[in-house]
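[1] Need coordinates for the below:
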Amino acid sequence: MSLFSLTFLFLLLATHSAKPPFPCAECSPSCPHRCVCYENADLVDCRSGGFHRVPRGLPHGSWLLELGGNNLSVVGTHAFTGLRSLRVMVLTDSQVEEIQPQAFFSLSFLEKLDLSWNQLTILPVEFSTSLSALKELRLEHNFLHYISDYSFEHLDNLEKLDLSYNHLTVIGPGVFRGHSRLRQLYLHNNRLIVVQQGSLDMLPALEVLQLSHNNISHIDPEALAPLYSLALLALDGNNLHHLKFKTFNSLHTTATHIQLSGNPWSCDCDLHRVFTQWGISGLGRQPALHCRNCYSTGHYHDCSGHSGGGTSDGGEKQEEKQWKELGHRVSDTDSKLSILKSRQDKSH
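    From the prediction side, this is the model:
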C-alpha cells in the first residue's frame, strides 16, 4: 500500500481533529476550483482535475496536497510559494516533463514527495534546494537518464529514495554523498552497467540496496566498502559473469542477504570462494552457469573450470588436475590469511 494513500491520511487526521474532516469546497474562499478541501484536516485533493499548471489559491495551512492524475507538463519556479506547512505532496501520473529551478522553494518542512509515473528525463541542479527536511522521495517510472552530483545535495534527512524503472546507465561518485540517514535505495530496472568505487560513499545507514534487473557486468572491489549497515543487497537479473572475492569481503556486516540469481556466471575459483564464504547455495543449479562442476563443499580443490573447446579425456584430466592444484594453493593461502587476521585481531 502506498505511503501516500489519501484515504489513510484522511482517517489518520480525522482521529486527531476536533471535528470530522468533511469536504468543504464552498465554505473556504481559498479552495481552488475543481479541488476539494477538507475542513480541519488541512488536506487538499486536486486529483484528476484537468489542471495544466499548479492551481493558485491553495490554502497556506495545507498539510497534504494531492495533485496526481493531471496534465501539468511543467512545474514552474516558485510554484508552491506560501505552502510552508506542507508535509506531503503527491504529483504522480501528472505528465510532468520538466521541473524548473527552485520549483519547491518555501517547502522547507516537506517530508514526502511523490513524482513517480511521470515523463522526467533530468532533474535540475537546484532540485533539492529548500527540501532539507525531505525523508522520502519517489521518482520511479520516469525516463531519467542522468543525475547531477548536485541534484540531491541538500537532502540531508532523506531515508528512502526510489529511482527504479528509469533509464540510468551510471551513478557517478558524489551523487549520494552526505546522505548519512539514507536507509533504502532502489535502483532496480534501470540500465546500469557498473557499480563504481565512490558511488556509494558516505552511506553508513544504508540497509537496503536494490540493484536487480540492470545490465551490471562489473562491480569495483571497493564499491561496497562504505556500507556499514547493509542488510539486503539485490543483484539478481544482471550481466555478472565474475566476482572478485574482495568485492563482498569488504562489507562490514556479517548478516547481509545477497541475491545473485539470474546472472550468466562463469565458474572460477574466485567466484566459488564468494559463494562458499557467503553461504550462497545453489550455484550449480543456475541454468546459465558456464561451469562443468563447482561444488558448494567449502573446499576449493573441488572447483573445476570451464573448458573452452573439445578436449580428449587425457586433456580434461590434465586440466582438472591443474585446477585442483590451483584450488589447493588458494585454500592454503586463505588459511594463512585467516591465521594472520586472527593474530592481528588478538593484538588489538
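
[2] contacts for stretch 83-95?
    4, 6, 9, 42, 58, 60-73, 75, 80, 106-119, 138 (Cβ atoms under 8 Å, 6 or more residues apart in numbering). Yep, even glycine has a C-beta here, placed from its N, CA and C like the rest.

[3] mind saving the C-alpha coords of it as CSV?
    Backbone C-alpha positions of stretch 83-95 (Å, rounded to 0.1, in the frame of the first residue of the first chain) are rendered in CSV as follows:
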residue,chain,number,x,y,z
LEU,A,83,2.7,26.5,1.5
ARG,A,84,5.1,26.4,4.4
SER,A,85,3.0,23.9,6.4
LEU,A,86,3.0,21.3,3.6
ARG,A,87,4.3,17.9,4.8
VAL,A,88,3.2,15.5,1.9
MET,A,89,2.8,16.3,-1.8
VAL,A,90,1.7,13.8,-4.5
LEU,A,91,2.4,14.6,-8.1
THR,A,92,2.2,11.1,-9.5
ASP,A,93,1.0,10.4,-13.0
SER,A,94,0.7,14.1,-13.9
GLN,A,95,2.6,14.1,-17.2
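
[4] Name the residues of it that come out as buried.
    Leu83, Leu86, Arg87, Val88, Met89, Val90, Leu91, Thr92, Asp93, Ser94 (16 or more other Cβ atoms under 10 Å).

[5] Wasn't the second one part of a helix?
    No. Leu86 sits outside any helix when classified using DSSP: H, G, I helix; E, B strand; the rest coil, being coil.

[6] Next, work out how far apart it and Asp149 are.
    27 Å (Cβ to Cβ, to the nearest Å).

[7] next one: the fifth one
    Here the criterion is Cβ to Cβ. By it, Met89 lies 25 Å from Asp149.

[8] which residues of this protein score low on pLDDT?
    Low-confidence segments of the chain (pLDDT under 70): 1-29, 41, 254, 277-348.

[9] Find the centremost residue of it, please.
    Among the residues of the chain, Tyr186 comes closest to the average C-alpha position under Cα atoms, centre = their mean, at 1.9 Å.

[10] what sits opposite it in the beta ladder?
    In this structure, Tyr186 bridges to Asp162, Gln210 when assessed by DSSP bridges.

[11] Now do it against Gly50, distance only.
    31 Å.

[12] follow-up on the earlier one: strands - which of the contacts of stretch 83-95 land there?
    Leu64, Leu65, Glu66, Val75, Lys112, Leu113, Asp114, Arg138 (DSSP state E).

[13] quick one: the third one and Tyr38 touch, right?
    No. The criterion here is Cβ atoms under 8 Å, and Glu66 misses it with Tyr38 at 10.6 Å.

[14] Quick check: the residue nearest to the centre of the chain touching Leu168?
    No. Contact criterion Cβ under 8 Å: Tyr186 and Leu168 do not qualify, at 11.5 Å.

[15] Give me the common contacts of Glu66 and Tyr38.
    With Cβ under 8 Å, 6+ apart as the test, Glu66 and Tyr38 both reach Val44, Asp45.

[16] Neighbour count for those two, which is higher?
    Tyr38 (26 against 23; other Cβ atoms under 10 Å).

[17] pretty sure that one is touching Asp45, no?
    Yes. Using Cβ under 8 Å, Tyr38 is in contact with Asp45, at 7.4 Å.

[18] Which residue ranges of the stretch 101-250 of the chain form strands?
    Remark: strands assigned in the stretch 101-250 of the chain by DSSP state E, counting those that start in this stretch are 112-114, 136-138, 160-162, 184-186, 194-195, 208-210, 218-219, 232-234.

[19] Can you say which of the ones you listed is nearest to Ser266?
    strand 218-219 (13.3 Å; Cβ to Cβ).

[20] what pairs with the closest one, and is each one parallel or antiparallel?
    Looking at strand 218-219 with DSSP bridges, its partner strands are strand 194-195 (parallel).

[21] what does the strand it pairs with contact?
    Under the contact criterion Cβ under 8 Å, 6+ apart, strand 194-195 has outside partners Val170, Ile171, Leu211, Ile216, Ser217, His218, Ile219, Asp220, Ala223, Leu224.

[22] The third one contacts Gly237, doesn't it?
    No. Here Leu211 does not reach Gly237: they are 9.4 Å apart, not a contact under Cβ under 8 Å.

[23] So for the two, which sits in the more crowded spot?
    Leu211 (24 against 19).

[24] which residues touch that one?
    By Cβ under 8 Å, 6+ apart, the neighbours of Leu211 are Leu187, His188, Leu192, Val195, Leu233, Ala234, Leu235, Asn238.

[25] cool, and Leu110?
    So Leu110 contacts Leu86, Arg87, Val88, Met89, Phe104, Leu131, Ala133, Leu134 (Cβ under 8 Å, 6+ apart).

[26] would you list those residues in a markdown table and tack on distance to His252?
    Output for the contacts of Leu110, formatted as a markdown table (distance: Cβ to Cβ, whole Å):
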| residue | distance to His252 |
| --- | --- |
| Leu86 | 38 |
| Arg87 | 34 |
| Val88 | 34 |
| Met89 | 36 |
| Phe104 | 35 |
| Leu131 | 30 |
| Ala133 | 29 |
| Leu134 | 27 |
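
[27] No more questions from me, cheers.
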